[in-house]
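**Student:** Build me a model:
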Amino acid sequence: MSFLLVGLGAGLGALCRYLVTQIISFVYKGIFPLATFIVNMVGSYAMAAYLLQKPDETQLLLVVIGFFGGLTTFSTFSLESFKLLKQKELYTFIYYISMSYVVGVLLATIVHVL
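**Tutor:** Residues are numbered from 1 along each chain as shown. Here you go, the predicted model:
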């Protein structure tokens, strides 16, 4: 049963990530990987906030591991970072890496402070 919960959550999270990517790509044409940045930052904040609610095991599997795992993406973050380096977009690369880590940790921390 746990495999099904994680799989269902991950599928829904991946679909949400895809929709956000499509919407952002339609509106924003810049070099900065905005769609991945947004889903990862929303995921950082939302996961931390959700964990404060002390979810039961079913919720943990479906929402935290499944949905937020499917929504956020380290592999795309890594690939986009590599592409920026390959395109010699050093400042954008540094900004993307820095902002992703700093803002991600800051958002997860804010949940615990508020």
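**Student:** list the buried ones in stretch 6-24?
**Tutor:** For stretch 6-24, a neighbour-count test (16 or more other C-beta atoms under 10 Å) marks V6, G9, A10, L12, G13, A14, C16, R17, V20, T21, I24 as buried. (Each C-beta comes from the backbone N, C-alpha and C, glycine too.)
**Student:** closest to T73 among those residues?
**Tutor:** R17 (6.5 Å; C-beta to C-beta).
**Student:** Just put the buried residues of stretch 6-24 in a markdown table and tack on distance to L84, pLDDT and secondary structure.
**Tutor:** What follows is the buried residues of stretch 6-24, written out as a markdown table (distance: C-beta to C-beta, whole Å; pLDDT from 0 to 100; DSSP: H, G, I helix; E, B strand; the rest coil):
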| residue | distance to L84 | pLDDT | secondary structure |
| --- | --- | --- | --- |
| V6 | 31 | 97 | helix |
| G9 | 30 | 97 | helix |
| A10 | 27 | 97 | helix |
| L12 | 29 | 98 | helix |
| G13 | 25 | 97 | helix |
| A14 | 23 | 97 | helix |
| C16 | 24 | 97 | helix |
| R17 | 20 | 97 | helix |
| V20 | 20 | 96 | helix |
| T21 | 17 | 95 | helix |
| I24 | 17 | 97 | helix |
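**Student:** show me what contacts the residue nearest to G9 when sequence neighbours are not counted?
**Tutor:** Closest residue in space to G9, ignoring its immediate chain neighbours: G66 at 2.0 Å, by C-beta to C-beta, 6 or more residues apart in numbering. Residues near G66 by C-beta atoms under 8 Å, 6 or more residues apart in numbering: L5, V6, G7, L8, G9, A10, G11, L12, G13.
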